[in-house]
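>>> need coordinates for the below:
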Amino acid sequence: MNPDHADQYKLNRFVCVRQLHYSVKNENSIDMVLFLNGIPIITMELKNQLTGQNITNSEWQYKTDRKPNGEPLLQFKRCLAHFCVDNDRVSMTTRLNGDKTKFLPYNKALINPPVKDDYLTEYLWNQILTPDSVLDIIENFVLVSVESSKKWSDEQKKVIQEKTEVLIFPRYHQLDVIRSLRRKVVEEGAGKNYLIQHTTGAGKSYSIGWLAHILTSLYRNEKDVTRMFDSILVVTDRRVLDKQLQNTLKQLEQTAGVVNPVDINSQQLKEFLEKGKDIIVTTIQKFPIISETIANLKGQRFAVIIDEVHSSQSGETSKHLKKSLSLEKFTDEEGNVDYEEMIRQEIISRGKQEHISFFGFSGTPKSKTLELFGRKNDDGQFVPFHSYSMRQSIQERFTLDVLENFTSYSRYFKLLKTSDEDEELPESRVMRELVDYVDTHDEVIRQKVKIMLHHFHFCYFKEDQWSCPGYGRDAIAQTLRPVLP
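Sure thing, here's the model as predicted:
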């Protein structure tokens, strides 16, 4: 839209250098390095299976022969990413750290699909590393994030929070879903629903953050400079992730005031919506207010990004919410609120809204949710717009396979009758209450915890105290010690 900016954009100069000798200490060279305006941004080690090597050899090179100590090119934050590439697979890292370097798979799927007359990794060259694509990644995706993790401190004898910088480069499925949504939203306009079925390990908070920011700068076409959406709402139920989402959104913020968290009350939410604030972050409990307010603002267009919702735990807070929001009909026998069903009913009850687009993120959507947000395929089945499966997450080592070392236990118990009267009750109810009584009994819980802790073979008893090296397990062992013999 700005001719001067367009002319400057075209002046960007990309250079590809083969066999780059980067050191004065040795004769090592990197197979390929990409430069933007003279600045190195991406390094690559290339392997060919026909010569008996693959990306495993590339990773070994980076870990052993490409150490960042004393080498400016290889130090953290000097390059955006380091790629390992062969004919069939790709992996990537943003931080070289010797033997501790962690490479992330950068493939289309578990096995890259075959390509006629080309390598299986052609997408890296034809989709990811083109000039326009790289500039898009730099502008909209790459960021340095500060992440917190809990760690056991031997000096302080307690669990402490440790903050580290992480250079984020979008994984393939993250880049693919955001770009696919960007194209489809412009093509279809407002008023459509999209289901993104990304399971644990998909980096969902970053995907939501990127999507929210990109939707704020989306226009109908080059001639119509009207924004696609006046406001973007990010709705989440998980309080911890809500904080993480806010931090991610803030870190991606290029102009102050774009991200507006609702941290006071519902009136603040209504004011943000009426004023058309760019990105509004709020919780799922306020969804009925969101739905009612944006339905009445026909002159504005809204994009609502809904993070995966779960049944809220029962308790005083849940009781208050159920009373204030009339959620009794979405509450099960144990007092948990099914917010996923609440959202579905709320959307259905108001009918199709031409000025509202919904983007639902869920790793395990219910069939009704899939029907509402998904799209019919050629077989008439509802499918997500984009998916990152649990199988892929497990294979790529982002999720532990809980069934890999699954151990089952048989249990036996005898319940003594203390009442002289025989009361007629439904069999299913009796069985449920008896099992619940057993499961919540102090002795049963003690024995279960004992079995679990005995499986933590890395815990050991020394000098009258439990010790579990690393990641605060000492604190865990000390807490559970009374249940052990």
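>>> which helix is the longest one in this protein?
The longest helix of the chain (DSSP state H) is helix 172-188.
>>> give me the contact list for that helix.
106-108, 123, 128, 137, 141, 170, 192, 194, 196, 198, 202-203, 206-207, 210-211, 214-215, 218-221, 228, 357, 359, 385-386, 388 (Cβ atoms under 8 Å, 6 or more residues apart in numbering). From N, CA and C alone the C-beta is placed, and that goes for glycine too.
>>> now those: which count as buried?
Neighbour counting by 16 or more other Cβ atoms under 10 Å classes 106-108, 123, 128, 137, 141, 170, 192, 194, 196, 198, 202-203, 206-207, 210-211, 214-215, 228, 357, 359, 385-386, 388 among the contacts of helix 172-188 as buried.
>>> okay, and which of these map to strands?
Using DSSP state E, 194, 196, 198, 357, 359, 386, 388 are the members of the buried ones among the contacts of helix 172-188 that sit in strands.
>>> show me which of those is closest to Asp436.
If you rank these by distance to Asp436 using Cβ to Cβ, His198 comes first, at 34.4 Å.
>>> any idea how far Thr121 is from Arg397?
Using Cβ to Cβ, to the nearest Å, Thr121 is found at 20 Å from Arg397.
>>> which of the two has more residues huddled nearby?
Thr121 (22 against 12; other Cβ atoms under 10 Å).
>>> report pLDDT for the residue nearest the centre of the chain.
Closest residue to the average C-alpha location of the chain: Lys204 at 1.9 Å, with Cα atoms, centre = their mean. Looking at Lys204, its pLDDT reads 88.
>>> pretty sure it is touching Asp307, no?
Yes. Using Cβ atoms under 8 Å, Lys204 is in contact with Asp307, at 7.1 Å.
>>> residues shared between the contacts of these two?
Phe361.
>>> okay, now Arg391: neighbour count?
13.
>>> over to it. Which of the three states is it?
helix (DSSP: H, G, I helix; E, B strand; the rest coil).
>>> before we move on, what about His82?
His82 ends up strand, using three-state DSSP.
>>> circling back to that earlier point, would TSV of the ones in strands among the buried ones among the contacts of helix 172-188 with distance to Gly98 and pLDDT be doable?
Shown next, in TSV, are those (distance: Cβ to Cβ, whole Å; pLDDT from 0 to 100):
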residue	distance to Gly98	pLDDT
Tyr194	42	93
Ile196	36	93
His198	32	92
Ser357	46	90
Phe359	40	93
His386	36	93
Tyr388	30	92
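>>> how about those, which pair is most distant?
Longest span within those, Cβ to Cβ: Ser357 and Tyr388, 21.1 Å.
>>> ok, now which ones touch Gln251?
Gln251 neighbours (Cβ under 8 Å, 6+ apart): 143-146, 209.
>>> rerun that using 7 Å as the cut-off
Contacts for Gln251 (Cβ atoms under 7 Å, 6 or more residues apart in numbering) come out as 143, 145.
>>> could you look up the SS state of it?
helix.
>>> helix or strand for Lys448, which one?
Using DSSP states H and E, Lys448 sits within helix 442-455.
>>> doesn't Phe361 make contact with the residue nearest to the centre of the chain?
Yes. If you go by Cβ atoms under 7 Å, Lys204 and Phe361 touch, sitting 5.7 Å apart.
>>> what touches both of those two?
Counting by Cβ under 7 Å, 6+ apart, the shared contacts of Lys204 and Phe361 are His198.
>>> Tyr106: what's it in contact with?
90-92, 171-172.
>>> redo that, cut-off 6 Å
Neighbouring residues of Tyr106 by Cβ atoms under 6 Å, 6 or more residues apart in numbering: 90-92, 172.
>>> report the separation between it and Gln268.
41 Å.
>>> looking at Tyr123 now. What's its pLDDT?
Reported pLDDT for Tyr123: 96.
>>> once you drop chain neighbours, what's closest to it?
Lys108 (6.2 Å; Cβ to Cβ, 6 or more residues apart in numbering).
>>> returning to what we had before: hang on, isn't the residue nearest to the centre of the chain packed against His198?
Yes. Here Lys204 reaches His198: they are 5.3 Å apart, a contact under Cβ atoms under 6 Å.
>>> re earlier: please identify the buried residues of the longest helix of the chain?
Across helix 172-188, burial judged by 16+ other Cβ under 10 Å covers 172-179, 181-182, 185.
>>> just how off-centre is that helix within its chain?
16 Å (Cα atoms, centre = their mean, to the nearest Å).
>>> what angle separates it from strand 193-198?
180 degrees (axes from the mean of the first three to the mean of the last three Cα atoms, to 10 degrees).
>>> count the residues that sit near the closest residue in space to Asp278 that isn't next to it in sequence.
Using Cβ to Cβ, 6+ apart and skipping the chain neighbours, the partner closest in space to Asp278 is Val258 (4.5 Å). Val258 sits with 18 neighbouring residues when counted by other Cβ under 10 Å.
>>> how near is Val258 to Asp99?
41 Å.
>>> and if you look at Glu59?
Taking Cβ to Cβ, one finds Glu59 at 11 Å from Asp99.
>>> of these two, which one has the most company?
The neighbour comparison of Glu59 against Asp99 (other Cβ under 10 Å) goes to Glu59, with 19 against 8.
>>> OK, contacts around the more buried one?
For Glu59, the contact set (Cβ under 6 Å, 6+ apart) comprises 84, 103.
>>> try it again with 10 Å
If a contact means Cβ atoms under 10 Å, 6 or more residues apart in numbering, then Glu59 has 45, 47, 82, 84, 91, 93, 101-103 as its contacts.
>>> same list, those residues, but as a markdown table with distance to Asp132 please.
As requested, the contacts of Glu59 are exported to a markdown table (distance: Cβ to Cβ, whole Å):
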| residue | distance to Asp132 |
| --- | --- |
| Glu45 | 25 |
| Lys47 | 27 |
| His82 | 22 |
| Cys84 | 24 |
| Ser91 | 24 |
| Thr93 | 24 |
| Thr101 | 30 |
| Lys102 | 29 |
| Phe103 | 26 |
